[in-house]
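K.L.:
Test case, fold it:
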Amino acid sequence: MKTACLLAAMMALLARDAAAVDRPLKPCTVISPTSERFFDLTPLRRLPPADSDSRGGRKDADAGSWHARGYDYGANFTLNFCGPVVEQLDAVQDLDKSLWKNVSAFYEQDNRQYAIG
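P.N.:
Residues are numbered from 1 along each chain as shown. Coordinates of the predicted model:
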């Protein structure tokens, strides 16, 4: 429940912030509801190995997208911030195959992938 709630809260915060500001936000930023400060989420973005730092700045811990276990949900979640997931998708349900490259969040269940963002 904790993982699903956290993911839902992050998505709600991003959607609400975009609607609450009377001026356009920079890409990949959110605004704090308490301090009204802007936060840049770009450092959270994971890149595929080909797009990583040419100086070898990529760490093993940064390999792949962000993963969250859905202990009480029965599925695991994969997401990326400010861009699509790093993993290649091969079984996304109810989404045209041409759009798979734009999926930034999904969960897997019974060898099927379900896009959630």
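K.L.:
quick one, helices of this structure?
P.N.:
Here the chain has its helices, by DSSP state H, at 2-20.
K.L.:
Residue ranges in it under the pLDDT threshold?
P.N.:
1-23, 50-62 (pLDDT under 70).
K.L.:
cutoff 80 now
P.N.:
Along the chain, segments meeting pLDDT under 80 span 1-26, 49-63.
K.L.:
how about the strands in it?
P.N.:
Using DSSP state E, the strands of the chain run over 29-31, 38-40, 66-70, 75-79, 105-109, 112-115.
K.L.:
Asp90: which of those is closest?
P.N.:
The minimum distance between Asp90 and the strands of the chain falls on strand 112-115, with 7.6 Å, by CB to CB. (Each C-beta comes from the backbone N, C-alpha and C, glycine too.)
K.L.:
what is Glu108 paired to in the beta sheet?
P.N.:
Here Glu108 sits in beta bridges with Asn76, Gln113, as judged by DSSP bridges.
K.L.:
Then Ala68?
P.N.:
When assigned by DSSP bridges, Ala68 has beta-bridge partners Phe77.
K.L.:
Around it, count how many other residues there are.
P.N.:
17 (other CB atoms under 10 Å).
K.L.:
Quick check, it in contact with Asn76.
P.N.:
Yes. Using CB atoms under 8 Å, Ala68 is in contact with Asn76, at 7.0 Å.
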